[in-house]
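Colleague: Next input, structure requested:
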Amino acid sequence: YRCEDCLMGAMVCSDCLVQKHETSPFHRIKYWNGQSFERTTLKRLGLRLQLGHGPGTTCINPVRCFDDDFVVIDSHGIHEIGLDYCGCETAASKYRQLLRARLFPATVNNPKTAATFRILEEFQLLSFESKASAYEAYHALARRSDNTGLVPIKDRYEPFMRMVREWRHLKMLKRSGRGHHVDTPLDETPEGACAVLCPACPQPGKNMPPYWEKAPKAKRWLHGLFLAMDANFRLKRRKVSSEDTDPSLGDGITYMVKEKHYKEFLSVHVEEPQDKSTCASHKAVNMANTKAASGLAATGLATIDCARHGMKMPCGCGDVLKGEKYAIMDYLKFSSIRGSLVRRFNISYDVACQWWINLWSRVPRLPPDFRFDPSEREFRFLVPKFHLGAHIPKCQINFSFNFTPGVGRTDGEAVERGWANINPVASSTKEMGPGNRRDTLDAFFGDWNWKKLVGLGPLFKRRMKEAVKQSAVHSSKLEDMEANFPKETIASWTGEVEAWESDHTSPNPFEEKVQPPTLPSTRLKIARDDARELAKDPGSAIHLEITPGSLVNTGIELDELHLGQHTEDTQRASLQQRLNALQLKLNPWFAAQSIFVPIASSLRLQSDNAVLSDARPDMASLYLPSSLPKPYSYPPRFYSIEWDLRVAQAHDALARLHSSLRYKVWLHKYKDKNLRGQLQHTRHNKVIEDNEAKIQAISSTYKAAYTALLSLKSHCRQVIPADIRPLKKDDVAPLGNLWSLESEGRRTISWIWRVGFAGDVSDREDDAQLQDELRVEWCKARARAHRWSEEKELLREEMHRVLRFLEWQATWWEERVEQSLANSNSILDADSEGLAAYGYWQAALRRSIAANFSCLWGCWL
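Modeller: Numbering: from 1, shown residues only. Take a look at the predicted model:
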């Protein structure tokens, strides 16, 4: 005989094999039949697992399990074993005997199936890391037992699922110390009591410094709580089972809110109408009722996370019904912070600019223990950095983490990173009953929080090293920039920024006060210039109806029509109609041009594409002042007119490019987050393609304007403005680019988002527009330097909070031990001794983690 699972796999006789496996009854055995190895079992060889006694001892009253067909699920496979209970007078109950043998029974009444602690622990970690389902794990074990289909394996899939669920729940209760609350029944466990708390977030009474409530006003921001909110529409649940059939084992004691109270609240308020968005067309607001809900009990999941460390908040998760309604987010947000003594809250939400508007008028409808008096607290509402680009310019400033003091380098996107971890579970939880789904999500969120907790050491070390480096870099850049401005100017700008930071109703320093000339304003200016010229000398007019300004202006408009023609349009009739309309516009313009510049008509007839332009007017050469070949020329005034119009055209093109690129970011984000299926993707891709074509057309317009300015330089003897530069393909990139690996703090952004900046402005003091652009750029540079400096302070405070929390938690475990010992007899029984050992181990674990973190952070504490 040979064991497949023992280390050496030596050949032994049956008696020796059975004796050797008294403590390893779940190994796989093969025997030699004279020609090859065949599979057999230890039960066939006579091995029986005796419970209630130590190895090598004999029970005087063994009791065989019912039908003697006990099945054990283990890492090596699914085994049918011979099992005997102890029938002695002092014997424990059957399920207790199994538990003491590290076998988890499928039921407490005459169990016939059990799973080893080892396989339950392995599957729990495997599911947390790989998101493998119980179905996949169980059938992998069944195939490991027999992968030929010749040996029947008893089906224990449903008992295995039940054991996994109970195991997770009991381990959660044990790790949260509920086993030490001997005087409190489990069904009286307080809401959120079993959640893994974030040790770096402010927890009054646990990790806050003494007298933190009396901190100076300039330092109160250090004690603020950062929260992030969002909904996920991948985590759906079908209308399967019911609360009565499948209740939760721990309703409301960890991360999911108490179901009954939550559903009662939503039944009254979820259908209430909410205002349409006054910002961009946010789907979360304007389409809150349009999520497909047919056949679904829940269309998604909403959660509240700590925004700096990505940990789920206790009682901060709940199902989404139909859409991302304000009633849902209100309930979850205030549920997660009820009872908190923190004075300052920084709330991150992708539609915060809309959600907060009537928030305090909605608070009174919440349960009494959820309500907050805003006059006693400070709330700041912000939009996550990645989502900010989809908002209107006003919101991009007022709700920006980058420009808000007291937030460090927080990005507000922690909740999105949590979705990446939990989304693979959606395929399994979608088919679960309500209670099983909530318990499963609670287990995954608990593991996520624990991984975050033990990873805070290297995380804070990495963040602090980066903050120290970047703070020095950006502070130095700010000092270099300020060296080029008078001290009075810096003092004035500083006053404006500080006034806005303390009161957002003050003038916004991040907005440009002097706008660059637009195409309509420049056209008006040139029309007025033409009027003045005619007033001086009425007889100088060459054409009775067309002035030089209107001729060049119309020519540039026709040039843009050239750029916008869809020459690849397969609908030839539609294309021909557009070409005919263009020809009707070109004919009178050509006639007027021939009066001012007769040579243009001759050049057009002599050009290489003269024949082609007859059939395709979009190919005709316009011969504007910038494109008229030498030695021919326009009257001097025409060049200055086109120069002004081209400058304005370039500015307008950049403004339109900004808008289209922000829309591009929003389109891609919305697609990734909300759309599933080929039909939805196909329709949305058409919208993306149309916007991309618009971006290309605007880019072509800008390039044409820049090329014309290059040609006009020598005629006008002017310098192209500093904010008009060559546009390359890589320059046409969104702000906060989805495809960039660079962070916002380093500001390696395309020049199209930072045009107008120059270091030395001593010779440009009369240029109001440039001065205004430099002021805005200085405000942003100051904000970057301050955010990195705040990040250093905030990280240092968080490090101290983590160490205080771990010490508090270690002391808490020791107090639980002392309480349990005080309730026991003078002589420790097995239960009390186990409670004490586990409590002391948990306390020692916290102090070991704290010691490791202190070693990593030593130079910054």
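Colleague: The spatially closest residue to R847 that is not a sequence neighbour: which element?
Modeller: Among residues not flanking R847 along the chain, A810 sits closest, at 5.1 Å (C-beta to C-beta, 6 or more residues apart in numbering). From N, CA and C alone the C-beta is placed, and that goes for glycine too. If you go by DSSP states H and E, A810 is part of helix 768-822.
Colleague: quick check: angle from whichever helix or strand comes after that helix to helix 768-822?
Modeller: Sequence order places helix 830-857 as the next helix or strand after helix 768-822, per DSSP H and E. Put simply, helix 830-857 runs at 150 degrees to helix 768-822, going by axes from the mean of the first three to the mean of the last three C-alpha atoms, to 10 degrees.
Colleague: now helix 830-857, how far from the chain's geometric center?
Modeller: 33 Å (C-alpha atoms, centre = their mean, to the nearest Å).
Colleague: and that helix, what does it pack onto?
Modeller: Secondary-structure packing of helix 830-857 (3 or more C-beta pairs under 8 Å, 6 or more residues apart in numbering; DSSP states H and E): helix 456-482, helix 768-822.
Colleague: For the shortest one, name the packing helices and strands.
Modeller: Okay, so that is helix 456-482. The contact analysis (3+ C-beta pairs under 8 Å, 6+ apart) places helix 456-482 against helix 768-822, helix 830-857.
Colleague: For it, buried residues please.
Modeller: Of the residues in helix 456-482, 456-457, 460-461, 463-464, 466-468, 470-471, 474-475, 478, 481-482 count as buried by neighbour count, 16 or more other C-beta atoms under 10 Å.
Colleague: One more: stretch 185-196?
Modeller: T189, E191, G192, A193, C194, A195, V196.
Colleague: what do you get for stretch 49-66?
Modeller: Applying 16+ other C-beta under 10 Å to stretch 49-66 flags L49, Q50, L51, G52, H53, C59, P62, V63, C65 as buried.
Colleague: Among these, which are located in helices?
Modeller: Assignment to helices by DSSP state H places none of those there.
Colleague: Tell me the one of those nearest L359?
Modeller: Set against L359, the nearest of the buried residues of stretch 49-66 by C-beta to C-beta is L51 (59.5 Å).
Colleague: Who are the contact partners of that closest one?
Modeller: L83, D84, Y85, C86, Q97, L98, R100, A101 (C-beta atoms under 8 Å, 6 or more residues apart in numbering).
Colleague: Report the two of those residues separated the most.
Modeller: Top of the distance list for the contacts of L51 (C-beta to C-beta): D84 and R100, 14.3 Å.
Colleague: Kindly reformat the helices and strands packed on helix 456-482 as TSV and extend each row with mean neighbour count, distance to I357 and mean pLDDT.
Modeller: Shown next, in TSV, are these (neighbours: other C-beta atoms under 10 Å; distance: least, C-beta to C-beta, whole Å; pLDDT from 0 to 100):
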stretch	mean neighbour count	distance to I357	mean pLDDT
helix 768-822	19	25	89
helix 830-857	16	41	94
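Colleague: So for Q678, which of the ones you listed sits nearest?
Modeller: For the helices and strands packed on helix 456-482, the distance to Q678 is smallest for helix 768-822, at 42.6 Å, taking C-beta to C-beta.
Colleague: if we can go back for a sec, out of the contacts of L51, which comes closest to S699?
Modeller: L98 (71.8 Å).
Colleague: helix or strand right after the helix or strand G316 falls within?
Modeller: Element membership for G316, per DSSP H and E: strand 312-320. Next helix or strand after strand 312-320 toward the C-terminus (DSSP H and E): helix 326-336.
Colleague: Got the confidence number for the nearest residue to R237 once chain neighbours are set aside?
Modeller: Using C-beta to C-beta, 6+ apart and skipping the chain neighbours, the partner closest in space to R237 is A298 (4.3 Å). In the predicted model, A298 carries a pLDDT score of 93.
Colleague: do R409 as well
Modeller: pLDDT for R409: 95.
Colleague: What of R220?
Modeller: 92.
Colleague: now swap in L534 and tell me
Modeller: Note for L534: predicted pLDDT of 52.
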